[in-house]
Structure formats: C-alpha cells, structure tokens
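In: Structure here, sequence nowhere to be found:
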Ligand SMILES: [Zn+2]
C-alpha cells in the first residue's frame, strides 16, 4: 500500500472542512468535542480543521458551553462569515439586479435597475452588469467585506460547468460565455463567477427564504418570472437539475399545437399563451415596449384594473388561468408536489386566479381527488432570482470552504 500523495491529502482535508461546517450549520453551534463525535474524526484533527476555519473567518467562537459540567467547558463554535461576501447578479429582459449578502446570510445591498436588454449585444449589457458588480464590490469592501463568489442568474438554458449561456430566446442571445466575459470586465483579482438559470435560482430562493422555509415545504414547483413562465422543481428540498436550467421548462409545454409561434420557435407554448405579454394583449393594454412603461408598471395597471372589476382584464386573467391549468396539470401528474408557488408577474394577480385554478387542477389531475396541492403566491418579489443567486454562491462556499484560502482579507 502506498502513502497518499499530497493531492489526495488535500482533497480529504477539503472534504473534512466541509463536514465540520455542515455540522455547525445543522446544529447552530457545536463544541470541538461534539464535532469529533458528530464526524467520527479524532479531536486533534478536528482542532486543526477548526483552526483553519477560524483563520478563514467561516466560523467563530461563541463562548463557553455551560451544559458540559464534567471536565473542561467546551468553547462553542458557530457560523461566522461576516467579512466574507457573495454576490447574486441577474440579467433579464427588462432589468439588471444585484443582491449581496455575507456568508452569515445578512443582506448588505440590493438593487433592481430597469433596462431594456432585448436585442442589445451581450457585451454592452455585461458592461452595465460589471459596473453594477464593481460598485457593489467596492461598497462591501468599504464595510470590510471581501466578495468571494458571484453567481449570475440568466433567463435561459445555461451550462454551469462552462459558465455559458446556451440560449436565451427572450434576450436573443446564444452561446454566450457570460462568466468569462464578466470576469474580464471585473479585472484582476475578480472573484470566481458562476451562472444559473433564473427560474431555478428563484426556486432556490423560495426554498431557503420563502415558503420553503416558513412552511417547511419539501416538494414544490415554483413558477413565474418577471414576464414569463420559467419554473423550478424542488424535490426533497433539492432544486431538480441544480442550476443547469434544463429542467422545469413548463413555459414551453405545448398546450395548443396550432397556436401562435413562441420565442423558442415552437407553436402554442404555455408561455406564449399565458405569459405577461399575452395577458396584456388580451386585456387591450399596450405592450410595455411600445410605451415608456416597464413590465412592472404594466402589471401594476393590470392589478389595479382587476381590483376595479374591469371586464376585459378579468376575462384575460380567466383565459390565462385556463391555459395555466392545462400546462400545470401535466406538471402535477408528473410530480404531484405538495404546493405550487406562483412568483414573478403571477404573484400580484394570484388573488384573481388561484381559487379557480385549484378547482381546475383538482378536476384535471389524477390524484387531485385524494390529495390536493396547495397553491401559494410567492412573497419574495421581483428580486427572487438575484436573491437565489447569492444564496447559491453562499451554499457553494459553505460546501467547500477551502475555496476561501488566499482570499484577500
Ligand atoms: Zn416556447
């Protein structure tokens, strides 16, 4: 038997650092002795790992554990990370967004900037995104927080291993190496940049900050983006397919084979018939692109007219509900989640379609008679994707804290 080489030893140590962090995160706080019992590692090894985590700033000592009466009192360790920052960025059709937290999960900065990015060249949009990131990074730096990881939420299919946007029909972009282009713009010493699908990241935010946390949901579908029907599927508290963006394209389920052409090139997709643009068209409201209005302003107008009982708007919402029930019934028959959470443009309109949609789904879904699915409006708001992106970066660092070695602090 040969001795393990230094690469193998380093890999084992990296994994052990993550195991210690995982135990502290799971229990809130832990003594070194408890960590040794939790992980089966000896106390010397645990002390060495804790020493490195203290140096990296990932954990901190939180005082003595008075419950340990026999022998030396144990110093409790808890998650730290107040000086380590993560950035969630978002490029979408009508806006850019940023959400910055520290590793402890405290929000330091968030911004939502309206911008018409349709058919703009990727380089120009990424110039603006880099400016937003730079400003945020230097703001955090002034507070003594060093940004260690960035995730960019994108409205399309992504290859997260290469950091590439494969295709975003609504932006008109394809094969765009977003992570590389953004890092080039951020210059030397820029933190690592990853990418993720916006709807999957919004589902990640819903899981950790929204109904997934407050109601303890384990299996749910999160559906709805600022103007489309991107969705994320959560099974056993994991977002299916990670952030790869190949899962949960409920918006491109065909619900009318002879229907209008969708931005993806197919006909009669759910998003083409039930997205915000279709709703505005049916309600007789000018598309926001033809006026100075943003999608958010158009949506506020729809909600206001619905409150007044405006017949064309109520009819348009009812028709949207009909198409949604067709697409979501298919998703329900596949996954039968305990809840569907409606975000994006659907959240402010939920009061006018949720009850009717619930009855539609109970009738259409095979298991609906025995166990109905809860329909909920998301409370996260328009920054769900950027919030999910920062949460994703945070989780990635906690799962491999050795990535923080060498971070300038
Ligand atoms: Zn489509």
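Out: Nice, I can see it. If you're wondering where the values come from, they're calculated on a predicted model, not measured in any experiment.
In: need the residues of the stretch 301-409 of the chain near the ion, please.
Out: By the rule C-beta under 5 Å from the ion, no part of the stretch 301-409 of the chain lies against the ion. Placement of C-beta: from N, CA and C, glycine included.
In: Next SSE downstream of the top helix by length along the chain?
Out: Counting by DSSP state H, the longest helix found in the chain is helix 311-335. The helix or strand immediately downstream of helix 311-335 is strand 339-342, counting by DSSP states H and E.
In: Run the chain-centre distance for that following strand.
Out: In terms of C-alpha atoms, centre = their mean, to the nearest Å, the centre of strand 339-342 is found 15 Å from the chain centre.
In: and the next helix or strand after it, how far out from the chain's middle?
Out: Downstream of strand 339-342, the next assigned helix or strand under DSSP H and E is helix 354-364. Centroid displacement of helix 354-364 relative to its chain, using C-alpha atoms, centre = their mean, is 27 Å.
In: Likewise for stretch 186-206?
Out: 8 Å.
In: ok, how many other residues are close to the nearest residue to residue 270 once chain neighbours are set aside?
Out: Of all residues not flanking residue 270 in the chain, residue 327 sits nearest, at 3.8 Å (C-beta to C-beta, 6 or more residues apart in numbering). Applying other C-beta atoms under 10 Å, we find 23 other residues in the vicinity of residue 327.
In: any idea how far residue 327 is from the ion?
Out: 11 Å (C-beta to the ion, to the nearest Å).
In: hang on, isn't that residue packed against residue 250?
Out: Yes. The pair residue 327 and residue 250 qualifies as a contact (C-beta atoms under 8 Å) at a distance of 5.7 Å.
In: where exactly do the strands run in the stretch 101-250 of the chain?
Out: 107-114, 146-154, 157-159, 164-168, 173-176, 193-197, 220-223, 231-235, 238-239 (DSSP state E, counting those that start in this stretch).
In: Beyond the last one, next helix or strand please.
Out: As assigned by DSSP H and E, the chain's next helix or strand after strand 238-239 is helix 270-274.
In: right, quick check: that following helix against the ion, any contact?
Out: No. Under the criterion of C-beta under 5 Å from the ion, the ion is not reached by helix 270-274; the shortest gap measures 5.8 Å.
In: before we move on, back to that, what's the overlap in contacts for residue 327 and residue 250?
Out: Counting by C-beta atoms under 8 Å, 6 or more residues apart in numbering, the common neighbours of residue 327 and residue 250 are 229, 270.
In: for residue 110, what are its contacts?
Out: By C-beta under 8 Å, 6+ apart, the neighbours of residue 110 are 97, 98, 99, 100, 383, 386, 387.
In: still on that earlier bit, residue 28: which of the strands of the stretch 101-250 of the chain is closest?
Out: Residue 28 lies closest, by C-beta to C-beta, to one member of the strands of the stretch 101-250 of the chain: strand 107-114, at 20.3 Å.
In: Give the buried residues for the closest one.
Out: 108, 109, 110, 112 (16 or more other C-beta atoms under 10 Å).
In: Could you export the residues you listed to JSON lines, including columns for distance to residue 277 and pLDDT?
Out: Below are these laid out as JSON lines (distance: C-beta to C-beta, whole Å; pLDDT from 0 to 100):
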{"residue": "108", "distance to residue 277": "35", "pLDDT": "95"}
{"residue": "109", "distance to residue 277": "31", "pLDDT": "95"}
{"residue": "110", "distance to residue 277": "27", "pLDDT": "94"}
{"residue": "112", "distance to residue 277": "20", "pLDDT": "91"}
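In: and which of those residues is nearest residue 168?
Out: Closest to residue 168, out of all of these and judged by C-beta to C-beta, is residue 112, at 19.0 Å.
In: show me the contacts for the closest one.
Out: Here residue 112 is in contact with 95, 96, 97, 382, 383, 386 (C-beta under 8 Å, 6+ apart).
In: Quick one: buried ones out of those?
Out: So, by 16+ other C-beta under 10 Å, the buried ones in the contacts of residue 112 are 95, 96, 97, 382, 383, 386.
In: ok, of the residues you listed, which one's closest to the ion?
Out: Distances from these to the ion were compared by C-beta to the ion; the smallest belongs to residue 95, at 21.6 Å.
In: what's across from that closest one in the sheet?
Out: residue 114 (DSSP bridges).
In: what's the answer for the one 4 residues further on, then?
Out: For residue 99, the beta-bridge partners are residue 88, residue 110 (DSSP bridges).
In: That one and residue 390 touch, don't they?
Out: Yes. If you go by C-beta under 8 Å, residue 99 and residue 390 touch, sitting 4.6 Å apart.
In: got any residues that touch both of the two?
Out: With C-beta under 8 Å, 6+ apart, residue 99 and residue 390 have common neighbours 87, 88.
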